[in-house]
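Enquirer: Sequence plus the predicted model coming up.
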Amino acid sequence: MEALLAEGIEDVRDIPAGRLANATHERIRRVTVSGRPELDPQAGKALRGLAYPRYYLDFETIAFPVPIWKSTRPYQPIPFQWSCHIERRDGALDHTEFLDLSGDDPTRAFAENLIKTLGDRGPIFVYNQGFEGRVLEDLAQRHRKLAPGLQAIKSRLVDLLPIARESYYHPAMRGSWSIKAVLPTIAPELDYAELEDVQDGGQAQEAYLEAVAPETERSRKAEIMAALRRYCGRDTEAMIRLARLL
């Protein structure tokens, strides 16, 4: 980058073809210049051989600077919500979810319902496996009787993020492979911007805190619950669309 700037090149469109050694950087340059998205035709090879049912899973968490629940750490991501879309071999989809806005420690119920829903077979797609993997590890540490089921879930995770990063790019993504950057390029009708109240993870945390506050009225809490369900469900729906594109 410093060498390019030293040559007076400040726009990716002015970088000569073949100058970038990194394949991903070169793809970004090429697509930015052409204005046309690129999808590696081999992208779906790893996915086509996976079994059914297929699960698309996303977590939402809250992290308290000062822990409020026993055996939790400062800033530890505590999961309070998950969304799961289930895809059958014939393409049929089911959706199930978990959301705890009681203000009590949600983790045992979160884990128990997750284990029951995901069963013992089929790939579990996530977007950024490191996050879900760490949450599952924490749950296994806190709830030892549930640890075998949680570890089995972790072993079935399939991360769509590296596959997308290596295989797909659209000029509107502007160098980002976040699911919120990718989704408008493949399914503009599902843009996060059209969601009300909760459009990203930060807003999900703020919504959780408002919902569990004692002074929050029941009607407002119902609105927050609906908004959180729409948002988390949008995340797993986005993964379905991406997997089908790949």
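Expert: Looks like it arrived, so ask away.

Enquirer: Summarise which helices and strands the longest helix along the chain is packed against.
Expert: Using DSSP state H, we find that the single longest helix of the chain is helix 218-245. With contacts taken as 3 or more C-beta pairs under 8 Å, 6 or more residues apart in numbering; DSSP states H and E, helix 218-245 sits against strand 54-62, strand 78-87, strand 93-99, strand 124-126, helix 160-167, helix 179-186, helix 201-212. No exception for glycine: its C-beta is placed from N, CA and C like everyone else's.

Enquirer: Direction included, what does the second one pair against?
Expert: Spelled out, that is strand 78-87. strand 54-62 (antiparallel), strand 93-99 (antiparallel) (DSSP bridges).

Enquirer: pLDDT below threshold where in this protein?
Expert: For the chain, the stretches with pLDDT under 70 are 1-22.

Enquirer: care to break it down by domain?
Expert: Dividing the chain into domains by automatic domain parsing, as the record does, gives the ranges 1-36, 45-246.

Enquirer: Determine how far the last residue of the last one lies from the first.
Expert: In other words, domain 45-246. Domain 45-246 has its terminal residues 9 Å apart, counting by C-alpha to C-alpha, to the nearest Å.

Enquirer: Most tightly packed of the strands paired with strand 78-87?
Expert: strand 54-62 (a mean of 23; mean count of other C-beta atoms under 10 Å).

Enquirer: That one versus helix 201-212: what angle between them?
Expert: 70 degrees (axes from the mean of the first three to the mean of the last three C-alpha atoms, to 10 degrees).

Enquirer: got a list of contacts for strand 54-62?
Expert: Under the contact criterion C-beta atoms under 8 Å, 6 or more residues apart in numbering, strand 54-62 has outside partners 77-87, 118, 122-127, 131-132, 135, 201, 204-205, 208-209, 228, 231-232, 235-237, 239-240, 243.

Enquirer: change it to 7 Å
Expert: 77-87, 118, 122-126, 132, 135, 201, 204-205, 208, 232, 235-236, 239-240 (C-beta atoms under 7 Å, 6 or more residues apart in numbering).
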